[in-house]
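Novice: A predicted structure for the sequence below; I have some questions about it.
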Amino acid sequence: MAMQVGSGQAGSGRRGRRRRRHAPMSEINVTPMVDVMLVLLIIFMVAAPLLTVGVPIDLPETSAKALEGDTEPITISVNAAGEIFIQDTPITIEEIVPKLEAIAANGYEERIYVRGDQDADYGTMMKLMGRISAAGFKRLGLVTLEERDS
């Protein structure tokens, strides 16, 4: 009898091992997911500064602190030649107000940043800001670089 009990246990032990070998994994391996997330984080950290407005402007420097905001503002640029751009699109000064009214998601409370080259004509800058302000846009600001000590 002992022989039968022993052989029965050996048979059931083998069956148990076979089931364990082919049993589905119950744990999820998160290491590949973490690796992918870290790579994506690095890619976005490197790419984010490159997504700024692409009109080449030599901004003046100031000691004022940066403004905080919750949404991306509309950026208007004036280069040294006096050409005006909304984001990267060239535009004339006469078209500026209708275009702003069309693209302003928050209406007249939309933040508008004016970037002017330090060699840009002061009159052009003031005419541009005057038209935007007269149209009813109240959140208007100038973009500068932080002043560096020489």
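Specialist: Nice, I can see it.

Novice: So I112 is in contact with P73, correct?
Specialist: Yes. Using CB atoms under 8 Å, I112 makes contact with P73 at a distance of 6.2 Å. Glycine gets a C-beta too; all of them are placed from N, C-alpha and C.

Novice: Which parts of this structure belong to which domain?
Specialist: Using automatic domain parsing, the domain ranges for the chain come out as 2-50, 57-146.

Novice: Can you pull the poorly scored residue ranges out of this protein?
Specialist: Within the chain, the stretches with pLDDT under 70 are 1-23, 25, 50-60, 64-71, 106, 146-147, 149-150.

Novice: ranges for the helices of it?
Specialist: Applying DSSP state H to the chain gives helices spanning 2-21, 31-47, 96-103, 122-134.

Novice: coming back round to it: can you check which residues contact both of I112 and P73?
Specialist: Shared contacts of I112 and P73 (CB atoms under 8 Å, 6 or more residues apart in numbering): G141.

Novice: Looking at these two, which has the bigger crowd around it?
Specialist: Taking other CB atoms under 10 Å, I112 and P73 do not tie; I112 has more neighbours (20 against 15).

Novice: how much space between the more buried one and M45?
Specialist: 28 Å (CB to CB, to the nearest Å).

Novice: go on, G116?
Specialist: Counting by CB to CB, the separation of G116 from M45 is 29 Å.

Novice: Which one's more surrounded, those two?
Specialist: Using other CB under 10 Å, the more surrounded residue of G116 and M45 is G116, with 27 against 9.
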